[in-house]
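**Student:** My questions are about this predicted structure, shown below with the sequence.
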Amino acid sequence: MTDLTALRLRRFSRVSRVVGLLTALLLIVVVPTYLTGNVDRPFVDISMTMAALLGGANCALAASRGSGRLRAAWAGLAMACLSWGIGQAVWSWYELVQHTATPFPGLADVGYLGFPVGAVIALTLFPANASRADRRRMTLDALLITSAIGLMSWATVLGAVVEAGGTSPFATAVSVAYPLSDIVLLVVCFLVLSRAAAYREPLAFVAFGLLMMTVADSGFAFLVAKESYATGSMFDLGWFFAFGTFAFASLTPGATSSQAPAQSPTVAGAILPYIPFGGAFVFIGWRYTSGLTPSTFEVVMTGVIVLLVVTRQFFTVRDNQKLALALAQTESELRHQAFHDQLTGLANRALFVDRLSHALELHRRDRRPLAICFLDLDGFKAVNDKLGHSAGDDLLQRVSARFGEVLSGADTLARFGGDEFAVLLEDRIDAGEVACALLNSLTEPFPFGHREMSVRASIGVARVDLIDHTPTVDDLLLSADLAMYVIKSRGGADVLVHTAGLQLDEIDDVELGRALAVALAKNEITVAFQPIIDLSTGRLDMLEALARWAPEGRPINPEVFVRVAEHCELIDPLFEFVLAQACDQLARWTALPGGSEVRVAVNVSPGQLSSPTLPRTVAAELKRHCLAGDRLVLEITETGGLMDTAISLTVCHELRRLGIRLSVDDFGTGLSSMARLRDLPIDEVKIDRSFITGVDQDTTRHRFVAGVLAFAERVGLTVVAEGIEREAERDALTDLGCHRAQGFLFSKAVSAESVDALLSSPGSWLRGIPSPLHASPQDASPQDASPWS
């Protein structure tokens with residue numbers, strides 16, 4: 001607010017108080033004078049003119065302080081008062097100056113009848129938030145009040161005025177206009193008082209002023225019709241009170257506030273329209289009991305009033321029914337919101353716990369089996385980081401839809417928050433199969449525009465079988481939660497059923513992550529190399545570079561510290577370290593006899609394939625060591641978070657342009673193995689050791705390997721079998737046509753220095769390394785079973 005605006009407001013405030021004080025003084029003088037009967041014509045005419053002009057001045061000042069429709073409303077009321085004041089001034093001129101009767105109809109009537117026009121316009125301009133139902137109700141109320149007041153007015157004033165007639169039809173019309181305008185003013189009074197408005201307090205005073213104006217006009221018209229009116233009648237006080245009330249209304253708090261608080265309808269406001277209706281029937285009843293025969297007009301109006309009341313009640317009942325239905329719907333929506341997740345529409349934790357409690361009670365009573373699955377999406381944070389939280393929300397909705405397609409209508413799927421879900425399976429003993437189906441539902445990547453994102457889940461299952469003791473809700477949730485965290489700590493993307501004694505690894509991931517970061521900074525990570533053999537020649541074909549870490553001489557399983565590296569965002573530094581060591585050794589071996597054709601494979605996670613900087617990193621290492629790209633193979637593991645298919649496809653094509661071959665590790669075990677072959681330019685697959693162990697004895701494994709080899713030959717892929725420990729397994733693979741293999745039968749992972757001797761060793765590797773470095777499977781470390789080992 002500027003200083004000038006503040007100054008103007010203070011000035012208007014002072015003027016308003018002065019004008020209001022003058023109005024009050026006028027009433028203080030006038031009312032006692034009327035009550036004592038010491039009134040004369042000049043006093044009445046002049047004071048009545050002053051009252052109208054002072055009332056209009058107060059309304060005009062209120063208009064100057066307001067804005068918008070509120071300003072127009074007060075301006076309209078000011079003009080109404082001014083019009084009436086002009087009419088009174090004309091009346092006074094004839095009485096006091098001309099000393100003659102005021103002509104009828106004449107200019108004075110123009111001023112007087114201008115008042116109801118201005119007042120009605122002003123009241124319709126006061127701001128009010130009215131719905132369609134409110135407008136319909138107000139219309140019916142207006143008709144009802146008009147009919148009721150019209151009926152009483154006809155029986156008292158209006159009928160007498162019409163019967164008295166006038167000197168001309170125009171004079172009769174003007175005579176009738178006065179009581180009709182009074183009816184309109186009364187209708188407006190009731191409507192103003194009955195509607196819910198932000199300005200109810202000032203409007204209530206305005207309505208009271210209009211009521212006083214109506215009483216004075218009706219008394220004046222009645223006395224004129226009886227030819228008994230004289231200036232100074234007690235009915236004249238009604239006009240004084242009307243203009244004084246208008247002045248007071250303009251000075252009430254909130255009269256000009258543009259932000260007056262809205263108020264809800266009151267009981268008094270609801271019954272106000274029925275007051276004229278009741279008054280009309282009481283009046284008709286009184287006339288009937290008094291022996292007065294009602295006229296045809298009165299009978300017709302009585303019927304109209306009854307019809308309007310019935311119509312209003314019909315709409316009231318219908319509106320109440322709609323309101324009750326809306327309230328019931330709102331209550332249902334609130335109940336749904338209280339027990340459902342707003343993002344996915346699934347049950348929330350509160351509803352899930354409630355249903356689980358009921359299911360446990362059924363188990364306690366009827367021994368009915370149940371199980372719960374606790375699911376956590378692996379690497380969901382990467383979606384939010386790469387694509388934004390809106391994409392993350394969209395992914396959660398689509399994941400929920402896929403889970404819903406797997407489950408039956410009797411199962412309860414809930415979202416606990418974030419990327420955590422839970423499933424309640426009642427009367428089912430196939431919880432493990434359902435969990436696997438939930439896991440498999442995420443095999444297909446999720447499209448996001450021109451790119452695709454793959455997502456996996458870690459699922460913990462807790463079962464309550466028929467003979468089991470009924471656990472508590474908290475115990476069952478804790479069991480499923482623990483199973484989920486255990487499987488997540490083992491790399492995720494799998495299902496684990498809770499069993500007695502299950503517990504998390506003792507190694508703290510946070511502490512281990514800090515130690516791993518220090519180890520990378522101090523070059524305390526070592527790299528071992530495991531040979532891959534060409535079964536057709538028995539010679540060395542390739543070496544796989546594998547990370548090793550043994551802080552304080554205590555080896556850490558690669559599965560553990562690789563998982564920690566992924567969670568602690570150390571997987572990129574670990575990869576770059578292994579890549580640098582592998583390229584460094586490969587460059588050195590190139591100068592040794594038999595080493596110029598050796599290739600090295602380095603593991604890379606799916607999440608790293610989504611990094612556009614990966615080709616530059618690899619190219620820089622190859623250039624630094626003067627190596628050709630075809631000397632390097634990148635093996636895509638089944639661990640390592642989400643893969644953006646669109647970006648990964650571009651990255652893979654850039655890597656292949658460098659001459660680098662791409663291989664899928666642990667083929668056959670992960671959910672996304674086939675998706676990798678479909679979406680990426682893959683050159684090689686490594687059949688997981690779980691299908692190789694016992695391939696010479698198990699017909700299922702034998703058929704699977706045969707099928708993979710046939711498929712690979714058809715699409716032009718190279719196949720490597722990993723995990724060979726027995727000669728019978730090697731022979732079976734040779735018979736099936738598998739030409740490359742890796743496993744303890746040939747060699748465990750050895751140091752770079754040991755590879756120097758291996759490269760110069762003559763002879764075949766088909767029965768193992770032809771040197772003292774060979775170790776039997778029983779001598780191998782458990783860490784050599786890792787896909788990163």
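**Tutor:** Arrived safely. Predicted, not measured: the structure shown is a model, and the values here were computed from it.

**Student:** Okay, and the residue nearest to Cys626 when sequence neighbours are not counted sits in which element?
**Tutor:** Sequence neighbours aside, Ala587 is the residue nearest to Cys626 in space, at 6.7 Å (criterion: C-beta to C-beta, 6 or more residues apart in numbering). C-beta here means a position set from N, CA and C on the backbone, and glycine is covered the same way. Using DSSP states H and E, Ala587 falls within helix 571-590.

**Student:** Check which residues of that helix are buried.
**Tutor:** Using 16 or more other C-beta atoms under 10 Å as the test for burial, helix 571-590 gives 571-572, 574-587, 589-590.

**Student:** thinking Val461 is in contact with Val497, fair?
**Tutor:** Yes - judged on C-beta atoms under 8 Å, Val461 makes contact with Val497 at a distance of 4.5 Å.

**Student:** what about the two, which has more around it?
**Tutor:** Taking other C-beta atoms under 10 Å, Val461 and Val497 do not tie; Val461 has more neighbours (25 against 19).

**Student:** By mean pLDDT, which helix or strand of the protein comes out lowest?
**Tutor:** helix 3-36 (a mean of 54; mean pLDDT, DSSP states H and E).

**Student:** Which helix or strand lies directly C-terminal to that helix?
**Tutor:** Heading C-terminal from helix 3-36 (DSSP H and E), you reach helix 41-65.

**Student:** Run through the neighbouring helices and strands of that following helix.
**Tutor:** Judged by 3 or more C-beta pairs under 8 Å, 6 or more residues apart in numbering; DSSP states H and E, helix 41-65 is in contact with helix 3-36, helix 68-92, helix 237-251.

**Student:** Just the mean pLDDT for that helix, thanks.
**Tutor:** Mean per-residue pLDDT for helix 41-65: 84.

**Student:** If you count neighbours, what's buried in that helix?
**Tutor:** 43-45, 47-65.

**Student:** Run the chain-centre distance for that helix.
**Tutor:** 56 Å (C-alpha atoms, centre = their mean, to the nearest Å).

**Student:** now it against helix 237-251, angle please.
**Tutor:** 20 degrees (axes from the mean of the first three to the mean of the last three C-alpha atoms, to 10 degrees).

**Student:** so which helix or strand takes in Val176?
**Tutor:** With DSSP H and E as the test, Val176 turns up in helix 169-194.

**Student:** now do Ala414
**Tutor:** Going by DSSP H and E, Ala414 is part of strand 412-417.

**Student:** pull the CA atoms of the helix or strand that comes right after that strand into CSV?
**Tutor:** Remark: after strand 412-417, the chain's next helix or strand is strand 420-426, criterion DSSP H and E. What follows is strand 420-426, C-alpha atoms only, in CSV (Å, rounded to 0.1, in the frame of the first residue of the first chain):
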residue,chain,number,x,y,z
GLU,A,420,8.6,-51.7,-1.5
PHE,A,421,5.6,-53.9,-2.2
ALA,A,422,3.9,-56.7,-0.2
VAL,A,423,1.6,-59.6,-1.2
LEU,A,424,-0.7,-61.6,1.0
LEU,A,425,-1.5,-65.1,-0.3
GLU,A,426,-4.4,-66.7,1.6
